[in-house]
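**Q** what follows is a predicted protein model with its sequence.
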Amino acid sequence: QVQLVQSGGGLVQPGGSLRLSCVVSGVTNTFSIYGMGWFRQAPGKERQFVGTLNLIEQSTYYDHAVKDRFTISRDEATNTLYLQMSRLKPEDTAMYYCAASRGYGGTSPNSYTYWGQGTQVTVSS
């Protein structure tokens, strides 16, 4: 079974940076993934797409709200997905989730089968 374990997050001042990590395990020929993504959810709001990585094409796509500030990367050697966040804003405050897809990912949470446990990011002075 595919498992995603997240780390990182915390409290940061506006304009600061944070990096989230997501270690993936259990990927086999039976449990294969071809896309990964990051989502976030603020209290009282729906889960929101942040960005996605197509593992076959090695291409990324970001929500307009984070484009040019957030970067998704992957370390194949350690099976780790990263979300580097810079120029953080108070409106970036949310619980952040990594997710893995049996397809190529996408912008809908429904496209993802496996989810990390979530990590809190709070942007405040």
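**A** Received the coordinates, thanks.

**Q** how far away is the closest residue to Gly35 other than its chain neighbours from Gly10?
**A** Excluding the flanking residues, the one nearest Gly35 by C-beta to C-beta, 6 or more residues apart in numbering is Gly105, at 2.5 Å. Heads up, the C-betas are built off the backbone N, CA and C, glycines and all. Applying C-beta to C-beta, to the nearest Å, the value for Gly105 to Gly10 is 26 Å.

**Q** and for Gly44?
**A** Per C-beta to C-beta, Gly44 is found 22 Å from Gly10.

**Q** list the contacts of the residue sitting nearest the centre point of the chain.
**A** Among the residues of the chain, the one closest to the centroid is Trp38, at 2.3 Å (C-alpha atoms, centre = their mean). Trp38 is in contact with 20, 50-52, 70, 72, 81, 83, 96-99, counting by C-beta atoms under 8 Å, 6 or more residues apart in numbering.

**Q** which one of the residues you listed has the most neighbours?
**A** Cys98 (29 neighbours; other C-beta atoms under 10 Å).
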